[in-house]
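Undergrad: Need a 3D model of the following:
(chains A, B and C)
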Amino acid sequence: MAENTRAVGGVGRKSAAAGYLRAVGAVVWKDIAAELRSRELLGSMLVFALLVILIFNFALELDLRARQTVTSGVLWVTFAFAGTLGLNRSMAIEKDRGCLDGLLLAPVDRSALYFGKVLSNLIFMIVVEAIILPLYGLLYNVNLFIPSLLVVILLGSIGYVVVGTLLSAMAVQARTRDILLPILLFPVVLPVLIAAVRATTGILQGLPLEDYQAWLNLLIAYDIIFLGVAIISFDYVVEE
Amino acid sequence: MIDVRGLVKAFGVKPVLRGLDFQVDEGEFVAVVGPNGAGKTTLLRILASLARPTLGSVSLAGLQLPAQSSAARRILGVVSHQPLLYGDLTADQNLRFFGRMYGVADLDDRIPEVLDIVRLSPRRHDLVREYSRGMQQRLAIGRGILHRPELLLFDEPHTGLDPDSADMLDDLLTQVAGEGRTVVMTSHDLTRAGELASRVDILSGGKIARSIKSGELDAGELNSLYYEVTRG
Amino acid sequence: MEPVPRNLKILTGITSALFVIALYMVFFHAPREAVMGDVQRVFYFHVAAGWVGFLAFLVTFSLGIVYLITRDRKWDRIAVASVEVGVVFTFINIASGSIWARPIWNTWWTWDPRLVTATVMLLLYVAYLMLRQGIDDPDRRARFGSVYGIVAFVSVPITFLSIRIWRTIHPVVIGSGDPSGEGAFDMTQPMLQAFMFSLLTFTFIYMTLLWYRVRLGRLSEKVEERKMEMMSI
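TA: Below is the predicted model:
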């Protein structure tokens, strides 16, 4: 009997790497499938982002010239705030029904769970950005579909989500859960915002690459450093 | 199968388990009972590798926890009193997700097989958030046995179930346990525990105070013994 | 009540003496600065406080790593104490920087990289304390504190760098046009002596306060233990 159960599982044969990737893929697939059904995450992120843009419009009284200098800031503030919503919700789903335990019971390395969550959070954030970007371009008659801009948005989002996923795993377990994530996240993620806004401004002003290269390098360095820190720390956050 | 020696678990300065010893042989069905706060869930979480012991040694099938947790999880099936299921997915999708996480090879065959065992086949493509509590528990058990684990841990599985669902659950538990698996179940329902298990352990004062093999005592005597042990 | 240990009493004595000497050195031994006048004397304490703020953070970062490896809560106790002391010194750093800026550049705030980084550090400290406050289980509190202490500390140099690059490319109109200086001046020998001595004194103050705070933490945990014992009788 015991022999039967050990062999039939089939896990012994498959390589550990395939199992790892499969687990990461499973988490991403699960998050997307659940979101397709409920649409609560994307819905709330989008509505919130639109509201923020609206508020900025009236608060800043943007005329055409002023808008050029302020566009990148408005965009990134929007992304940062909407991103917080997504991160919070994504982790809350796991915590509230105790599903986090279900994930932790899987015989895979914890970092697979972390990567899966980072990927699905990143996908959601990119979907929201992909909708907000053309919308903003439409509202203010500005072309935002520049390839280098898309690269900056990707790099910035990666940095944001890498740190955000780790911190949301902690914030969701505290009593002050909802307000805690932005408080924890924003000071840490400040370099990403600074670099992303500066690079975006440079691109929108049509500056050559050398002028904003430093910012791109900063973003890449940040992404790599914090990915490393997060992978190591995630274990300690979820293990009791 | 399970070998726990001198297990101590403290939360900060508060000790919950105080040097607990607990042994379970292969194929046994052990029910752990005790008052609220006695540490039943804590013990189960440690066995499930979801919590670390503060002191002491815990081994499952020869694998040491927490050092060999990952390997131990392969042979573990856990059913908590929370269903651990995703409401926005169907039963099929839930099982498919967990199957992939556990690396179950023959999912397309295994999923209908499991749904059959827990008698949820007709509801296969329904959303879990539309399930009743009893159905969710059954699906949770299905998830627990999906990867054919040797050891099953149930944490107060009858919680929140009406009598009919609870009886159906009993049948299921007996069936699942009867396939030669080792089962540890915590419960606050002494009568059910006595009927289902081959052994009842009373957890009190942070240790296993008494261990009663099935047949040693009848229901009434078991009850009296329980109150005697937990009062003192 | 545990009596204050003898070594701590000695340390307190030494620290107090150092502080008095430091005051003398800053106000009398160091000369009046030519351009800025007496207000420049704030500089000695300003930088010393900034140094301690950073040191406290470094200690928390290191002890966070040590705790995660050993799981011995005494390291966490020191880490928390360090953050609390660090908050105070960072605040002194920012406030004194502001006081210094006002008469020199006629503004309460300069977007100087060091000042902004100090403010971010203050925010990180406060976030650390708020995170801990929201968690009841002491072991989880220690774990999360350690992780955040590590993440936060790693972000500080990167933040400093990004603000620095920002300043060189986009100099701020108000305040010092020099992105690296806070009103730079050359230090004469007596000034250097006062400066180094202030650094030393503040480091001693840090250690003394840290010790007292750790002691306080340990005593309050003992009280909790006794309470638990009483309740279970």
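Undergrad: Would you map the strands across chain B?
TA: B:2-11, B:14-24, B:29-33, B:55-60, B:63-65, B:76-79, B:151-155, B:182-187, B:199-204, B:207-213 (DSSP state E).
Undergrad: Please identify which of those is closest to chain A.
TA: For chain A, the closest of those is strand B:76-79, at 5.6 Å, according to C-beta to the nearest C-beta. The way it works is simple: take the backbone N, C-alpha and C, and place the C-beta from them, glycine included.
Undergrad: Tell me which residues are up against that closest one.
TA: A:101, A:105, B:44, B:48-49, B:60, B:137, B:140-141, B:143-147, B:149, B:151-155, B:157 (C-beta atoms under 8 Å, 6 or more residues apart in numbering or on different chains).
Undergrad: quick one: average confidence on that strand?
TA: Across strand B:76-79, the average pLDDT comes to 90.
Undergrad: could you dump it to CSV, C-alpha only?
TA: The C-alpha trace of strand B:76-79 is given here as CSV (Å, rounded to 0.1, in the frame of the first residue of the first chain):
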residue,chain,number,x,y,z
LEU,B,76,0.7,14.7,4.3
GLY,B,77,-3.0,15.5,3.7
VAL,B,78,-4.4,18.3,5.8
VAL,B,79,-8.0,19.2,6.3
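Undergrad: which SS class is the one residue in chain A that gets nearest to chain C?
TA: Closest contact between chain A and chain C, by C-beta to the nearest C-beta, is at A:Ala174 (3.3 Å). On the three-state scheme (DSSP: H, G, I helix; E, B strand; the rest coil), A:Ala174 is labelled coil.
Undergrad: How about the contacts made by B:Ala10?
TA: Neighbours of B:Ala10 in contact, by C-beta under 8 Å, 6+ apart: B:Val16, B:Thr54.
Undergrad: contacting residues for C:Leu55?
TA: Each residue near C:Leu55 by C-beta under 8 Å, 6+ apart is listed here: C:Gly86, C:Thr203, C:Tyr206.
Undergrad: and with 10 Å instead?
TA: Taking C-beta atoms under 10 Å, 6 or more residues apart in numbering or on different chains as the criterion, C:Leu55 is in contact with C:Ser82, C:Val85, C:Gly86, C:Phe89, C:Phe202, C:Thr203, C:Tyr206, C:Met207.
Undergrad: Same question for C:Lys9.
TA: C:Pro3.
Undergrad: ditto for A:Leu36
TA: A:Leu42, B:Asp88, B:Leu89.
Undergrad: for chain A, which helix is longest?
TA: helix A:64-96 (DSSP state H).
Undergrad: no, scratch that, I was asking about chain C
TA: helix C:189-232.
Undergrad: cool, and chain B?
TA: Longest among the helix segments of chain B by residue count, using DSSP H, is helix B:163-177.
Undergrad: got the contact list for that one?
TA: Contact with helix B:163-177 is made by B:27-29, B:77, B:79, B:117-119, B:132-135, B:137-138, B:141-142, B:144-145, B:152, B:154, B:157-161, B:183, B:185, B:189, B:192, B:195-198, as judged by C-beta under 10 Å, 6+ apart.
Undergrad: now, which of those lie within helices?
TA: Counting by DSSP H, the contacts of helix B:163-177 contribute B:117, B:133-135, B:137-138, B:141-142, B:144-145, B:192, B:195-196 to helices.
Undergrad: Which among these count as buried?
TA: Buried subset of these (neighbour count, 16 or more other C-beta atoms under 10 Å in any protein chain shown): B:Ile117, B:Gly134, B:Met135, B:Gln137, B:Arg138, B:Ile141, B:Gly142, B:Gly144, B:Ile145, B:Arg192, B:Leu196.
Undergrad: Tell me the residue of chain C that sits nearest chain B?
TA: Closest point on chain C to chain B, by C-beta to the nearest C-beta, is C:Pro138, at 3.5 Å.
Undergrad: List the contacts of that residue.
TA: When contacts are counted by C-beta under 10 Å, 6+ apart, C:Pro138 touches B:Ala10, B:Phe11, B:Gly12, B:Val13, B:Lys14, C:Arg73, C:Asp76, C:Arg132, C:Glu221, C:Glu224.
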